[in-house]
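Student: just need the structure, nothing else, for what follows:
(2 chains)
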Amino acid sequence: MGSLRSSMNKRLTREIRPFRTFLFATIALGVLATVVTIVQWALFARIVDRVFLKQQTLTQVGALLGGLLLAILARAALIWLRSLVAQEGALRVKAELRDRLFQQLMRLGPSYLRGERTGELVSTATDGIERLDPYFARYLPQMALSVLTPLLIVACVFPLDWISGALLLGTAPVIPILMIVVGSFAEKQMNRQWLALSRMSAYFLDMLQGLPTLKLFGRSRAEAERVARVSDEYRVRTMKVLRYAFLSGLALEFMTMAAIALIAVMLGVRLLSDDISFVTAFFILLLVPEFYRPLRDLGADRHAAMEGKSAAERIFAILDEPLPVRLAEHPATLRERSLIVELRSVCFQYPETESPAVADVSLRLEPGTRTALVGASGSGKSTIVNLLLRFLDPGEGHIAVNGIPLSELSLDAWRAEVALVPQQPYLFYGSVLDNIRLARPEATDAEVRTAADQAGAADFIEQLSDGYATQLGEQGARVSQGQAQRLALARAFLKDAPFVVLDEPTSSLDPESEERIRLALERLALGRTVLIVAHRLKTVYSADQIAVLDHGRLVECGKHDELLARGGQYAALAGAYSLAAAD
Amino acid sequence: MKTTTRLLGFLAPYRWRIALAVFLGVLTVATNTGLLATAAYLISAAALHPLLIELTAAIYLVRIFGISRAFVRYAERIVSHDVTFRLLGNLRGRLYTRLEPLAPARLAAYRSGDLLARMIRDIDELQNLFQQIAGPVLIALASAIVMVVAFAVFNPLLAVVGLAFLVVTGVGVPLLARALGRDAGRRELALRAELNAQLIDGVQGAQDLLALGRADDQRQRIVTLSAELSGLQRRMARVTGLEQALSDLGTNLAMWTILLLAIPLVGDGQIRGVYLATLGLIMLGSFEAVRPLGRAFQFLERTVAAGERIFEIADSEPEIVDPATPCAPPALASLTFDNVSFAYGPNEPLALDRVSFGLEPGNHLAIVGPSGAGKSTIANLIVRFWDPISGTIRLGTHDLRDYAQEDLRANIGLVSQNTRLFTNTLRANLRLAKPDASDDELRTALRRAQLDDLIARLPDGLDSWIGEQGMRFSGGERQRLAIARVLLKNAPLIILDEPTANLDPLTERDLLATLLDLFRDRSLLLITHRLVRLEQVDEILVLDEGRIVERGPHIDLARSAGLYQRMLEVQDGVFAVG
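Tutor: I've put the predicted structure just below:
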């Protein structure tokens, strides 16, 4: 754990320059506060000495009291300043990491962001970043102070009384040991406790979500008893864990308190034999708790800090992910409006998979033609789409546009040439107008409406409660899958790019959407280079070429009639279809 | 205030444990303060060079305090955690009992996992009731009393001043900080929500953003919001810093003031000089008791808000109630819908609009239509998850409302779209349907639902853990497990709501054939948007926007130029594979 922590610190201080300044400033202010504290106790000891043993009056100790008041005020001011500086450092780290993380996620692209990972990534980018607060602002400076403060105090005690100094130093080696104990053992135990707690919550959530199912089987009332019983079992088990987890706290506390008691008794006895002066003895007694305080503080925010640490580790792991595409150093430019897109012996294999997702695929897409990509799910269709949009780069082979390899174009320039209509287009929080206009921010309202009209989306948009101003997205109006795809088509019309990639929905849509999407597609295809991941017979019939994929390989390519006549894989697919259609 | 009182009521069963925990809490503060105070006394007294014997008592006290503090604190943590877990278990049990009759009608708004998870978080929040709120407040009160008494022994003025500092620092400072930070805190929440929404849009919509070349715009939006958030958090940091500084200032200033007041008292002999250091340190030590109050105020606000949200749900009346004298439902009976209309809420559109049909015992009926047509609503009404707003549903001669819910549901086997598998063993999940089923029966049911190979694949057979936190299943396997459960239940009326959702077309055909055969002799209602194997059912109802628009057998509907025919065409236009 120690090495991980220090490597992370290095990383932070190396990568996030301003943070280093703030961290060091926080630590310096902390050290300064300790110095003021020492002064404060020295004055306190002196005042007591003068009043108690030398019978001085209030006026005689007035100056000392004034000094003590100043020290108290200075200490409070330092604490305020330290908290501000620490927070400022954390704020900058958070803002910078948030931005870097988002940029990195965009660079990693949709093939990385797909599926189940989304939820975890979103929570890392939102809650994860916020969790860094206690780690950066409190825990990291406290780590340094838990070493520096005791050293400072020992340095102060030694010249006054070497015996007490030696005693404190004697307990000092125990401190790192205890830190490891508190650090690893208790951490493990606490993690187990949190795990148990979250399991218990998950169990309860499971029950509540499953209430309808329980009711169907007439078990919902009987389960109430189980809820209580399981909770109690968890309590018994967790308490067993906690009994051990708290032991490390007990040890630390015991050591501190026993040391204070031991030093106090020792000082008392030595005072009797005039071995030491009262003012020195009392001053040392006041310093002893300060010696152990930072270590005890370290434990206080431990859980929050550890959560922050693992969040930081996760964030850096994401930042370290290798990028799926190589960026061209001197990007070439495309001049022509019509595009010939060619896949040349393209291979691609996802990391940690056995077999290639796309193997040796060569395919030529001509301007003004439509190519249908067909094949079972998992045959490599969406990987080809990802390669064409350069969300991924081929492992071997390459894709060329009008003879120029895609890798020599800048990402932005290439994507400006492509209009993608995904199966499930994402609708952003915002109005219908905003959502379509994403394709071309400078488009006028009229242009957006024309695009919507061409996409066969105008009718349903006008029927929405606020027409084009209707809010979409999570909290907005719900639209069906077919309607969402028509909005994506409107984006494509507005973008007016020469290369169109369309992913047809696998399931059947409502009859109206089906028809309108088909007609819109006919219009969009005119004069453009079009690739359709096809799931519709009508699409396949009218395609200029059909590319049949099987386990990542291009097994057949040609027109519908030719392929049917060949009696190969396509014929088999079509056969399965006609069987299904027949009954 | 009402919510707070009600929440505190949850603590009542644990009053003795709480008393013990508070006692130990006060003792924790007292041993710490006592150690410093007696140590200071010991050193002061020693400075007067008495005989060693005169110091014996002080030495013993120092040792006792020094050794006992750690153990007292340990005991306090154990007892208060124990109370917390007991409280949490009790809260869950009670809330489950309250929520059970409400599901699913009253909980419909919570159907989405997020809201339900939020409710769970709210319940978890209530666990702070003792350890973070009531406990610290009680300990602070009791400790303050102890301190006041200790000071009063020396001088009443010291007691009054000490108490004033405790109140100002322990209560005043946190309240001031809350007041200063409240506005920024509220705005921070709103801003964070907005930032999160943009991040979510960015991540989930990455494909569209990148393809449209708009990723940089989104980044810019996030950077702007992030900077705004930093600004707000900076303001809040000023307040938290101030709170820390003021709390430290109050503590040390109290000690200073006590010193200032005690010095003249020492001078004129009212207090012996040997106690001067002790007094200062008692003051300092008592602040340990009020320091957690700031957090307690924070928690109180959050917990009360959580409590209000929970009570609002828990207090609602169940939508569906059992009749006073329920009839026994007949084993074999016809099911009749008579002009049934239904809406999910007062402002919602009608999900069903005057729907009438009948299902005779042993007959098979299919209900089809595009998604959103109201098909699943019919299933929800039959199992009485909701009641119609007008019209009646009868089983035999009685209205469904004349039966007890459990009796009615015992007669119905429902395979729904959202089959739930619980985090438990496969056996326990199956036995939901028949608690006393033998392993042989379970295996037979699995075999009939075509799941034999699943059992073979599972590492621990019927003992394998499944559900959210266990083995994951494919959509098709879940459906079949649901079917196995219904087979075990052996009810006379079977409802299959999209039983082949998530299946590929060939498997779909096979499974439907099996189902129709398995339930040959039962009354069967098949709800689906997939028009497959429908030639095998007796009658088909075509539902569109809550209304029955067509009805009849497949052969007639396929020929009449209506919605059924159009759906059929669209479905056939989709490529069978992939």
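Student: where does the stretch 1-150 of chain B have low pLDDT?
Tutor: The model of the stretch 1-150 of chain B has pLDDT under 70 over residues B:109-115.
Student: ok, now chain A?
Tutor: A:1-9, A:12-16, A:115-116, A:175-176, A:178-187, A:189-190, A:193, A:474-477, A:575-583.
Student: closest point of it to chain B, which residue?
Tutor: For chain A and chain B, the shortest gap (CB to the nearest CB) falls at A:Ala261, measuring 2.6 Å. Every C-beta, even on glycine, is put in place using the N, C-alpha and C of the backbone.
Student: what about that residue, how many residues close to it?
Tutor: By other CB atoms under 10 Å in any protein chain shown, 24 other residues sit near A:Ala261.
Student: B:Ser68 is in contact with that one, correct?
Tutor: No - checked against CB atoms under 8 Å, the pair A:Ala261 and B:Ser68 is beyond contact range at 10.2 Å.
Student: name all residues that make contact with the residue of chain A closest to chain B.
Tutor: If you count contacts by CB atoms under 8 Å, 6 or more residues apart in numbering or on different chains, A:Ala261 has them with B:Leu35, B:Ala39, B:Val62, B:Arg63, B:Phe65, B:Gly66, B:Ile67.
Student: near chain A too, which of those residues?
Tutor: Among these, the residues that sit close to chain A (CB under 8 Å from any CB of the partner chain) are B:Leu35, B:Ala39, B:Val62, B:Arg63, B:Phe65, B:Gly66, B:Ile67.
Student: farthest pair within the contacts of A:Ala261?
Tutor: With CB to CB as the measure, no two of these lie farther apart than B:Ala39 and B:Ile67, at 13.2 Å.
Student: neighbour count winner among those two?
Tutor: B:Ala39 (31 against 16).
Student: what sits against that one?
Tutor: Residues in contact with B:Ala39 (CB under 8 Å, 6+ apart) are A:Ile260, A:Ala261, A:Ala264, A:Leu285, B:Val62.
Student: what distance do you get for B:Trp256 to chain A?
Tutor: 6 Å (CB to the nearest CB, to the nearest Å).
Student: burial count for that residue?
Tutor: B:Trp256: 22 neighbours (other CB under 10 Å).
Student: please apply the same query to the one 4 residues further on.
Tutor: For B:Leu260, the count of nearby residues is 17 (other CB under 10 Å).
Student: verify the stated contact: A:Ser507 with B:Val574.
Tutor: Yes - applying CB under 8 Å, one finds A:Ser507 in contact with B:Val574, separated by 7.1 Å.
Student: of these two, who's got more company?
Tutor: Under the neighbour definition other CB under 10 Å, A:Ser507 and B:Val574 were set side by side, and B:Val574 has more, 22 against 13.
Student: let me see the contact set for A:Arg314.
Tutor: A:Thr124, A:Gly128.
Student: try 6 Å this time
Tutor: A:Thr124 (CB atoms under 6 Å, 6 or more residues apart in numbering or on different chains).
Student: now it: which helix or strand?
Tutor: If you go by DSSP states H and E, A:Arg314 is part of helix A:302-320.
Student: same check on A:Ser345?
Tutor: strand A:341-348.
Student: which strands or helices does that strand pack on?
Tutor: Where contact means 3 or more CB pairs under 6 Å, 6 or more residues apart in numbering or on different chains; DSSP states H and E, strand A:341-348 is packed against strand A:358-365, strand A:396-401.
Student: closest one to B:Gln479 among those?
Tutor: That would be strand A:358-365 among those, by CB to CB, at 31.9 Å.
Student: could I get the buried residue list for the closest one?
Tutor: Of the residues in strand A:358-365, A:Val358, A:Ala359, A:Val361, A:Leu363, A:Leu365 count as buried by neighbour count, 16 or more other CB atoms under 10 Å in any protein chain shown.
Student: and what of stretch A:499-515?
Tutor: A:499-505, A:508-515.
Student: how about the residue in chain B that chain A sits nearest to, nearest residue that isn't a chain neighbour?
Tutor: In chain B, no residue comes nearer to chain A than B:Gly66, which is 2.6 Å away by CB to the nearest CB. Leaving aside its sequence neighbours, B:Gly66 sits nearest to A:Ala261 (CB to CB, 6 or more residues apart in numbering or on different chains; 2.6 Å).
Student: what about that neighbour, helix or strand, and which?
Tutor: helix A:222-272.
Student: send me stretch A:140-149 as PDB with only the CA atoms.
Tutor: Taking C-alpha atoms only, stretch A:140-149 is exported to PDB below (Å, rounded to 0.1, in the frame of the first residue of the first chain):
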ATOM      1  CA  LEU A 140      -2.500  13.800   1.900                       C
ATOM      2  CA  PRO A 141      -1.400  16.900   3.900                       C
ATOM      3  CA  GLN A 142      -2.200  15.100   7.100                       C
ATOM      4  CA  MET A 143       0.000  12.200   6.000                       C
ATOM      5  CA  ALA A 144       3.000  14.600   5.900                       C
ATOM      6  CA  LEU A 145       2.000  16.300   9.100                       C
ATOM      7  CA  SER A 146       1.700  13.100  11.000                       C
ATOM      8  CA  VAL A 147       5.500  12.800  10.500                       C
ATOM      9  CA  LEU A 148       6.500  16.400  10.700                       C
ATOM     10  CA  THR A 149       4.500  17.400  13.800                       C
END
